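**Q** mind folding the following:
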Amino acid sequence: MRRHRNVKIVATLGPASSDYEMIRALVEAGADVFRLNMSHGEHSEIAERHAIIRKVEKDVGSPIAILADLQGPKLRVGAFANGEEELEIGASFRLDLSDEPGDARRVQLPHKEIFDALEPGATLLVNDGKIRLKVKDCGRDFADCEVVVGGTISNRKGVNVPDVVLPLAALSEKDRKDLEFVCDLGVDWLALSFVQRPADVDEARKLAKGRAAVLSKIEKPAAVKAFDDILAVSDGIMVARGDLGVELPVQNVPPIQKQLVRKCRAAAKPVIVATQMLESMIESPMPTRAEVSDVATAIYEGADAIMLSAESAAGQYPVEAVTTMNNVACEVEADPTYRDIIESSRRAERNSVADGIVAAAREIAETTQVKAICCFSQSGTTALLVSRERPRVPIIALTSVEATARRLCLSWGTNCVITGNVDRFKSAVIAAVHAAKDEGLATESDMIVVTAGVPFNTPGSTNIVRVAPCSEKLLYASQAD
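**A** Now for the predicted structure:
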């Protein structure tokens, strides 16, 4: 399905979007990637949604990516004798390992790892930061705190520890089981929660064994500090602004978003901007002006994808939410200012032959009447490099590997086409011309740019760029030469 925009749309599936008719409607409205949230739903439900997506994919005739979002370890307080208590500012409150029901003076925190890492002065946030505690004294099984921001605390509310790197693995036992399940199922991307260090990503990659690409969710201050190293071992990044906005001052989130997006672009790795993008559309058919501006900002920054969470999973208007994102993207990308911003923020880091080839392809396309850049990419590397260039003309990513085509659905500007095996550059050029015309991106009188690596089927070998006519007569004449 030909999109008239470059940024991709990720839609989360859930109770509001779990049958064939709705999922197909979301694709037709503009969804390119579907997110399966492993925090909700049994394996049988996840498998059913996966099967429906693959049926829709077959029926519409275009690759669709599936992203499984792992839950990560959940840190929560225990239960209260009365179900909830009111904490007053300045009061003392203890967290400990005792499983006795809590009261206004204490409650269980059943995570020994937190006590092992805490130091006096550290901050603990409860219930998405609505309650803020400052550690005054602590030991191996307790933390005596002062209530800095009070409020109602109730059973099993979540706890965030922004000041320290916790000695916790990003993958819980549930995550390991979920990872194995979805990899066997055949998802294309794994989103890894609670990333604090590169080792967290390495562990997930070892367990995935190449069956899915690994995308790191940046939602903790420790991940921001170690971002360069995390990016180096990740296949993609999600800027998870919800938890970032809990663990960091909210005013820090916009500049961090911009910094991370730019670094991902420079590294040619796809980046999703996520969380609360059209939050009001959970209950309203129209977004707020501020939400539209937020979506537009992510697009102007050059993000590869923008994501809907509850809006499409549990909201009353999932199709309208996707349609709104699609319309905003089309309008922004038609703005001349968009091209100015994208091109001024392009970072020229040319370290290889492949970098030079794709840069040359973009330059040729933008200084001639070329209609598209066609790149052959078995592993996806060449297509990612072309996408990094953010060219003004469409990108056609051709591959014989179905998994590669699906993974590239997350990357900016890529129109993914599955071809037969190609072992000669002449055959590749012919296939590229046919694809450009079939996709409606070129006619007999047009030209395209073709990039590929010879020998074929060797990742990272991009070393040829050619301008090819789309006229069958001229094409075959040039091939004979």
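**Q** quick check, pLDDT for Arg350.
**A** Reading off the confidence values, Arg350 has pLDDT 68.
**Q** which residues in the stretch 351-481 of the chain form helices?
**A** With DSSP state H, counting those that start in this stretch as the definition, the stretch 351-481 of the chain shows helices at residue ranges 353-367, 381-389, 402-407, 425-438, 472-480.
**Q** just so I know, which of those helices lies nearest Glu113?
**A** Using CB to CB as the criterion, the shortest distance between Glu113 and the helices of the stretch 351-481 of the chain is 33.7 Å, found for helix 402-407. Bear in mind the C-beta positions are built from the backbone N, C-alpha and C, glycine included.
**Q** contacts for stretch 17-33?
**A** Contacts of stretch 17-33 from elsewhere in the structure, counted by CB atoms under 8 Å, 6 or more residues apart in numbering, are 1, 3, 5, 8-11, 13, 16, 34, 45, 48-49, 52-53, 55-56, 59-60, 64-67, 189, 305, 312-313, 318-319, 322-323, 325-326, 329, 409-410.
**Q** quick one, which of the residues you listed are buried?
**A** Neighbour counting over these (16 or more other CB atoms under 10 Å) leaves 3, 5, 8-11, 13, 16, 34, 49, 52-53, 56, 64-67, 189, 305, 312-313, 318-319, 322-323, 325-326, 329, 409-410 as the buried ones.
**Q** narrow those to those in strands?
**A** Using DSSP state E, Lys8, Ile9, Val10, Ala11, Leu13, Phe34, Ala65, Ile66, Leu67, Trp189, Ala305 are the members of the buried ones among the contacts of stretch 17-33 that sit in strands.
**Q** in the chain, which helix or strand is least confident?
**A** Taking mean pLDDT, DSSP states H and E as the measure, the chain has helix 472-480 as its least confident helix or strand, at a mean of 66.
**Q** which one of the helices of the stretch 351-481 of the chain lies nearest to Ser92?
**A** Distances from Ser92 to each of these were compared by CB to CB, and the smallest falls on helix 402-407, at 51.8 Å.
**Q** would you map the helices across the stretch 51-200 of the chain?
**A** Under the criterion DSSP H, counting those that start in this stretch, the stretch 51-200 of the chain carries helices at the ranges 112-117, 173-185, 198-208.
**Q** can these go into a markdown table with extra columns for mean neighbour count?
**A** Below are the helices of the stretch 51-200 of the chain laid out as a markdown table (neighbours: other CB atoms under 10 Å):
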| stretch | mean neighbour count |
| --- | --- |
| helix 112-117 | 16 |
| helix 173-185 | 17 |
| helix 198-208 | 18 |
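**Q** got a markdown table for those helices, with distance to Ile237 too?
**A** Converted to a markdown table, these look like this (distance: least, CB to CB, whole Å):
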| stretch | distance to Ile237 |
| --- | --- |
| helix 112-117 | 25 |
| helix 173-185 | 18 |
| helix 198-208 | 10 |
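**Q** quickly, which of those bottoms out on average pLDDT?
**A** Across the helices of the stretch 51-200 of the chain, helix 112-117 gives the lowest mean pLDDT, at a mean of 93.
**Q** what comes into contact with that helix?
**A** When contacts are taken as CB under 8 Å, 6+ apart, the neighbours of helix 112-117 outside the stretch itself are 75, 97, 109, 138-143, 159, 161, 164-168.
**Q** ok, 6 Å please
**A** Arg140, Asp141, Val161, Val164, Leu166, Pro167, Leu168 (CB atoms under 6 Å, 6 or more residues apart in numbering).
**Q** what is the nearest of those residues to Ser280?
**A** Within the contacts of helix 112-117, distances to Ser280 taken as CB to CB reach their minimum at Val161, with 30.5 Å.
**Q** where's the closest one relative to Ala143, distance?
**A** Remark: distance between Val161 and Ala143 (CB to CB, to the nearest Å) = 10 Å.
**Q** now Lys217
**A** Counting by CB to CB, the gap from Lys217 to Ala143 is 27 Å.
**Q** same thing with Ile230?
**A** With distances defined as CB to CB, the gap from Ile230 to Ala143 amounts to 28 Å.
**Q** ok so, going back, for the contacts of helix 112-117, pick the one with the most neighbours.
**A** Neighbour counts for the contacts of helix 112-117 peak at Val161, which has 23 neighbours (criterion: other CB atoms under 10 Å).
**Q** identify the residues contacting that one.
**A** Ile114.
**Q** hmm, 8 Å instead?
**A** Neighbouring residues of Val161 by CB under 8 Å, 6+ apart: Leu75, Ile114, Ala117, Leu118, Ala122, Thr123, Leu124, Leu125.
**Q** and stretch 334-351, how far out from the chain middle?
**A** A distance of 21 Å separates the C-alpha centroid of stretch 334-351 from that of its chain, computed with CA atoms, centre = their mean, to the nearest Å.
**Q** now do the same end-to-end measure for that stretch.
**A** From its first residue to its last, stretch 334-351 covers 32 Å (CA to CA, to the nearest Å).
**Q** which residues are in contact with it?
**A** Contacts made with stretch 334-351 from outside it, assessed by CB under 8 Å, 6+ apart, are listed as 262, 265-266, 299-302, 332, 355-356, 359, 389-390, 392.
**Q** between those residues, which is nearest Glu88?
**A** Of all those, the one sitting nearest Glu88 is Glu301; the distance, using CB to CB, is 42.3 Å.
**Q** would you mind measuring from that closest one to Cys264?
**A** Look at Glu301 and Cys264: by CB to CB, they are 10 Å apart.
**Q** the more surrounded of those two?
**A** When neighbours are counted by other CB under 10 Å, Cys264 comes out ahead of the other of Glu301 and Cys264, with 24 against 21.
**Q** domain-wise, how is this structure divided?
**A** Annotated domains of the chain cover 8-72+170-335, 84-160, 353-480 [automatic domain parsing].
**Q** which residue comes closest to Asp69 once chain neighbours are left out?
**A** In space, and not counting its chain neighbours, Asp69 is closest to Ala191: 4.1 Å by CB to CB, 6 or more residues apart in numbering.
**Q** for burial, what's the neighbour tally of the one you found?
**A** The burial count for Ala191: 29, using other CB under 10 Å.
**Q** perfect, I'm done here.
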